[in-house]
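*Asks:* predicted model and sequence follow; I will ask about them next.
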Amino acid sequence: MSQIPLRYGSLLDGRTALVRGYLSAVSGSAGRLVFSLVYFIALANTLSVAAFGLFATASAAGVVLSRLLAFGFISALYRTATKRPRLIGTFTAGFIALSVLSLPLIGAASWGTYWLFFRADMGFGVFLGIVIAEALLWRPFEAVVIVNNGLGLFGRAAALVIAGTAFRALAAFLFAWNADTSLGAWALFYAAANAATLLMGVVLAYPRQRLRLAPRLYLRRLPDSLYVAGAEALFYVQSELDKLLVLALGNAQLAGIYAIVMRLVDLTAIPIRAFTMMLVQKMMRAPDLLRGLRIRALIEMGIFVGSTLALAGLAGVLWVAPNALGRNVAEAAPIVGLALLVPGLRNLVEYQAELLFARGQTATRALNLALLGVLKGVLLAQVLGWAKGPERLVLALNAVFAVMYLGSMVLTYRAMRRGVRGV
């Protein structure tokens, strides 16, 4: 009889810890949301609309290129923190070594991206500064956050995320008072903010373990890491491809208005990612967690409804008070509501990709994201040929993301019927 209270007590403690961890992660998302909004308002109303569009597009390219850092070994670091924390020092040494080895690849890819999309609109030095800020400063900071999440230190990870976003918001605020408000000047402010964020994260929050190289351990993990790097790059290519295509097939002014709308859409994903991160960790330990159709449908419905209501509320505010987020944002305010279905559909595509990562199906994930990237590119090229203004472009995005979601759903859930790889 005495065993029954102990069993239920243990179960209750486990659920309490899970809820506490989720609330910590959500608090980080809430803080990040506030500072992200401050950052967005300050920057979008200091740069011209065209310059903001160029920065947002270059930053998106930098995010894609950052996934090449260390050839995706950050995934091995995350799994180590989650399952074998005593090896964090060993895998951190591997991450640093592979980061150095990946620099020529990042440099070559950066030059190719610049030549294809940006050479007519900005200098290479400005573009390179933004890429360095994203790939060599912010991405390693994300590794610090990821390791803390892997260790279950969700409160600390949340505080790091809030602090990092606050540094960016402070940089944007100081930039607004700077005499030179050109894109080149902002690239320096942005890199300085990301450098300060990385230094803060490493000094205050990274586990103190001896760094020890163990190449044989890395070689076993490298194929999976390469799959993850490819999948991550492909995910962000399909995620950010619209910004690049709008710039390439349109102009900087259209790219700026489009970037403002999509930045507001991005804000709706911040709380969703906290939930996804927790679910991914749970599935690493129990890969068949979402075997039932009912629970899948309920989770997807929650993500879609929450994302849609968030953008609807923001669009309502801008409809009543177009200048609420500043004069530049006011140019895009009338069309924000036209993207009503985009946040939910896009967040679902991101969520489904994470399900395959959680189950160790990294090669399938990479293949799926490549197919979705091609699909999105074809659809957007058609839309940009048809849409002659930002209103028709944003409205057509609902159909583009609906097709993307259907494709992702079929590919993801068919793949989940197969066996799980060791995670």
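*Replies:* Arrived safely. Numbers count the residues shown, from 1 in each chain.
*Asks:* for the helix or strand harbouring Arg392, packing partners?
*Replies:* Assigned by DSSP states H and E, Arg392 belongs to helix 390-415. Packing partners of helix 390-415 (3 or more C-beta pairs under 8 Å, 6 or more residues apart in numbering; DSSP states H and E): helix 215-249, helix 252-267, helix 342-358, helix 362-386. Every C-beta, even on glycine, is put in place using the N, C-alpha and C of the backbone.
*Asks:* I'd like those as JSON lines, with distance to Ser307 appended.
*Replies:* Below are these laid out as JSON lines (distance: least, C-beta to C-beta, whole Å):
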{"stretch": "helix 215-249", "distance to Ser307": "15"}
{"stretch": "helix 252-267", "distance to Ser307": "9"}
{"stretch": "helix 342-358", "distance to Ser307": "4"}
{"stretch": "helix 362-386", "distance to Ser307": "18"}
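*Asks:* for Ala214, which non-adjacent residue is spatially closest?
*Replies:* Counting by C-beta to C-beta, 6 or more residues apart in numbering, Ala214 lies nearest to Thr90, which is 5.1 Å off, once chain neighbours are set aside.
*Asks:* low-scoring stretches of this protein, by residue?
*Replies:* In the prediction, the chain carries residues with pLDDT under 70 at positions 1-30, 281, 283-291, 419-423.
*Asks:* what comes up buried for the strand or helix carrying Leu298?
*Replies:* Assignment of secondary structure by DSSP H and E places Leu298 within helix 293-320. Across helix 293-320, burial judged by 16 or more other C-beta atoms under 10 Å covers 296, 299-300, 303-304, 306-308, 310-311, 314-315, 318.
*Asks:* coming back round to it: just checking, the residue nearest to Ala214 touches Leu217?
*Replies:* Yes. Between Thr90 and Leu217 there is a contact under C-beta atoms under 8 Å: 6.5 Å.
*Asks:* quick one, which of those two is more surrounded?
*Replies:* With neighbours defined as other C-beta atoms under 10 Å, Thr90 and Leu217 compare such that Thr90 has more, 20 against 16.
*Asks:* can you tell me which residues contact that one?
*Replies:* Residues in contact with Thr90 (C-beta atoms under 8 Å, 6 or more residues apart in numbering) are Thr80, Gln209, Leu211, Arg212, Leu213, Ala214, Leu217.
*Asks:* now these: which count as buried?
*Replies:* For these, a burial check counting by 16+ other C-beta under 10 Å picks out Thr80, Leu217.
*Asks:* what about Ile270, distance to Ser66?
*Replies:* Using C-beta to C-beta, to the nearest Å, we find Ile270 at a distance of 18 Å from Ser66.
*Asks:* the more surrounded of these two?
*Replies:* Neighbour count, other C-beta under 10 Å: between Ile270 and Ser66, Ser66 has more, with 24 against 21.
*Asks:* contacting residues for the more buried one?
*Replies:* Glu134, Ala135, Leu136, Trp138, Arg139.
*Asks:* who are the packing partners of the helix or strand following the helix holding Leu298?
*Replies:* With elements assigned by DSSP H and E, the helix or strand that comes after helix 293-320 is helix 327-332. Packing partners of helix 327-332 (3+ C-beta pairs under 8 Å, 6+ apart): helix 3-44, helix 49-66, helix 252-267.
*Asks:* and helix 327-332, which residues are buried?
*Replies:* Asn328, Val329, Ala330, Glu331, Ala332.
*Asks:* what would these look like in TSV with distance to Leu226?
*Replies:* TSV is the format used below for the buried residues of helix 327-332 (distance: C-beta to C-beta, whole Å):
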residue	distance to Leu226
Asn328	41
Val329	40
Ala330	45
Glu331	43
Ala332	39
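*Asks:* what is the nearest of those to Val342?
*Replies:* Nearest to Val342 among those: Ala332, at 13.7 Å, using C-beta to C-beta.
*Asks:* go ahead and confirm the closest one touches Leu254.
*Replies:* No. Between Ala332 and Leu254 there is no contact under C-beta under 8 Å: 10.9 Å.
*Asks:* quick check: neighbours shared by the two?
*Replies:* Shared contacts of Ala332 and Leu254 (C-beta under 8 Å, 6+ apart): Pro390.
*Asks:* picking that back up, which of the buried residues of helix 327-332 sits closest to Phe235?
*Replies:* Proximity of the buried residues of helix 327-332 to Phe235, judged by C-beta to C-beta, is greatest for Ala332, which lies at 25.5 Å.
*Asks:* which non-adjacent residue is nearest that closest one?
*Replies:* Closest to Ala332 by C-beta to C-beta, 6+ apart is Ile260, at 4.2 Å.
*Asks:* could you do Ala61 as well?
*Replies:* Of all residues not flanking Ala61 in the chain, Thr113 sits nearest, at 5.1 Å (C-beta to C-beta, 6+ apart).
*Asks:* give the buried residues for the strand or helix carrying the one you found.
*Replies:* Thr113 belongs to helix 103-117 when elements are defined using DSSP H and E. For helix 103-117, the neighbour count (16+ other C-beta under 10 Å) marks Ile106, Ala109, Ser110, Thr113, Tyr114, Phe117 as buried.
*Asks:* contacts for it?
*Replies:* For helix 103-117, the external contacting residues (C-beta under 8 Å, 6+ apart) are 57, 61, 64-65, 68-69, 71, 124, 127-128, 131, 135-136, 244, 247-248.
*Asks:* only the buried subset of these, as a PyMOL command please.
*Replies:* Selecting just the buried residues from these in PyMOL takes one command, with 16+ other C-beta under 10 Å as the test:
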select buried, resi 57+61+64+65+68+69+71+127+128+131+135+136+244+247+248
